[in-house]
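Student: sequence first, then the predicted structure:
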Amino acid sequence: MIKEGPTYEELLAENTILNEHKISNENYRAIFENMWEGFAHCKLLYEENEPNDFIYIEVNKAFYHQTGLTQVTGKKISEILPNHKRENKELFKLYIRVSQTGKSEKIETFVPELGKWFYLSVFSIKKDHFFVIFNNITNRKQNELQLINHEKQLETLNETKDKLISIIAHDLRNPFNSIIGFSELLIEEVEHFEIEKIKRFSKIINTSSVNTLNLLDNLLHWAKTQTNQLNFSPEKIEISSIINEVLKTLESTAKFKNISLNYYQKNPNLVVHADLNMLKTILRNLISNSLKFTKSEGFIHIYTKNINNQVEIVIEDNGIGMNEATRANLFKIHKDSTLGTANEKGSGLGLLLCKELIEKHKGEIFIESEEGKGTTFKFTLPID
């Protein structure tokens, strides 16, 4: 029996299906190659019945553009990014989950080896295979992180502004009240006061004036550092002459508290490369801090030495010291500053300013302290 061939209508219908399939495939390829999103078809690889790698079966052009990778088809991820499984554990688990369950998942993830952020949509239509459509969202994430950082900076600036207003309103106002009060007493009653009483009142006025001027200097310096207006002009400076100069300005405070100030010049000719005004501010604040927290009949020792092409300045006292919590927050502006051994008040601004000025010189500051056993400040400056 002779089998009849297909009719004309059947041949026409079959040809139409083939043409439609060809057009559909061409459309798919056109979309696949021209889509903006990266696309990857991957297959899990097993070792001892456990998925431990995957291979790229097919990727589009956008894949290379989005990732910056080249020639990945037919390669394992362990060959392309050796640390991917270890550094992106959760992502790797997601690939396994989707390829085994068929349930789609989405994720934002950072790939350390590429240094990029991606938004991925992962799906599967065949067991052990998974498909990834993704976008590089690094710019967006960087902008988000910048925004978070700016918000934190704004919070810090607002706290700082409030603290500065408090310092100006309180810490500057109180000394002036003291200066005005004692000077008025002297004006009105000087003829009736004994010479010792006049000297004592004059010392109080002098100490309050010096401390207030130092505070004002710190405020102005710190405000300039925050607005990048502080003039930085490093020059050759013989460190011993500056230390001696600063010590003279603090002599009266040391005598008033009966504290011994000692400078040991092991290397008297050490020259640093520093800004003169900033160096004086650093030394004055650190030594003043030691004076503030050292009891009567205590001592403050100052040393200078050459270490690895840097000058290290050491300021050591046998004062009240500090605990670990205090040390951790030492270079921050606080609402309440700790009172000194003679109830001296402070703004808490001096040490923060010191740190910023030292770092401007590419130096470092270190603190060693134990409660009840004194404090040692060490800072470095570049040698000329």
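Tutor: Ah, there it is. Since the structure is predicted, the reported quantities are computational estimates derived from the model, not experimental observations.

Student: what sits against Leu185?
Tutor: By C-beta atoms under 8 Å, 6 or more residues apart in numbering, the residues touching Leu185 are Phe201. Where C-beta positions appear, they are placed from N, C-alpha and C, glycine not excepted.

Student: quick one: low-confidence ranges for the chain?
Tutor: Scanning the chain for pLDDT under 70 picks out 1-32, 160, 163-174, 226-230, 332-348, 384.

Student: what residues sit buried inside stretch 105-116?
Tutor: Across stretch 105-116, burial judged by 16 or more other C-beta atoms under 10 Å covers Val111, Leu114, Lys116.

Student: typed the wrong thing, it's stretch 311-324
Tutor: For stretch 311-324, using 16+ other C-beta under 10 Å, the buried residues are Val311, Glu312, Ile313, Val314, Ile315, Glu316, Asp317, Asn318, Gly319, Ile320, Gly321, Met322.

Student: try stretch 133-141
Tutor: For stretch 133-141, by 16+ other C-beta under 10 Å, it's Ile133, Phe134, Asn135, Asn136, Ile137, Thr138, Lys141.

Student: tell me the SS of Glu58?
Tutor: The local conformation at Glu58, judged by DSSP: H, G, I helix; E, B strand; the rest coil, is strand.

Student: work out for me the element the nearest residue to it once chain neighbours are set aside sits within.
Tutor: Nearest residue to Glu58 in three dimensions, chain neighbours excluded: His41, at 4.4 Å (C-beta to C-beta, 6 or more residues apart in numbering). Per DSSP states H and E: His41 is located in strand 38-47.

Student: helices or strands next to that strand in the packing?
Tutor: strand 50-59, helix 61-67, helix 89-101, strand 129-136 (3 or more C-beta pairs under 8 Å, 6 or more residues apart in numbering; DSSP states H and E).

Student: please identify the most buried of the ones you listed.
Tutor: With neighbours taken as mean count of other C-beta atoms under 10 Å, the helices and strands packed on strand 38-47 reach their highest mean count in strand 129-136, at a mean of 20.

Student: counting contacts, what elements does it pack onto?
Tutor: Secondary elements touching strand 129-136 (3+ C-beta pairs under 8 Å, 6+ apart): strand 38-47, helix 61-67, helix 89-101, strand 116-123.

Student: look up how far Glu155 lies from the residue positioned nearest the centre of the chain.
Tutor: Nearest residue to the geometric centre of the chain (C-alpha atoms, centre = their mean): Asn149, 10.1 Å. Distance of Asn149 to Glu155, computed by C-beta to C-beta, to the nearest Å: 11 Å.

Student: then Ile383?
Tutor: Separation of Ile383 from Glu155 (C-beta to C-beta) stands at 39 Å.

Student: and what of Phe201?
Tutor: Counting by C-beta to C-beta - Phe201 and Glu155 are separated by 44 Å.

Student: try Asn143
Tutor: 19 Å.

Student: domain parsing for this structure?
Tutor: Domain ranges of the chain: 35-136, 231-384, per automatic domain parsing.

Student: for those domains, give me TSV that also has distance to Ile205.
Tutor: Listed next are the domains of the chain as TSV, based on distance: least, C-beta to C-beta, whole Å:
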stretch	distance to Ile205
domain 35-136	61
domain 231-384	12
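
Student: compare those and report which one is nearest to Ser183.
Tutor: Ser183 lies closest, by C-beta to C-beta, to one member of the domains of the chain: domain 231-384, at 17.3 Å.

Student: how far does the closest one sit from the chain's center?
Tutor: 24 Å (C-alpha atoms, centre = their mean, to the nearest Å).

Student: same question, stretch 125-145
Tutor: Using C-alpha atoms, centre = their mean, the offset of stretch 125-145 from its chain centre is 29 Å.

Student: immediately after the helix of greatest length in the chain, which helix or strand?
Tutor: The single longest helix within the chain, with elements called by DSSP state H, is helix 195-226. Next helix or strand after helix 195-226 toward the C-terminus (DSSP H and E): strand 234-238.
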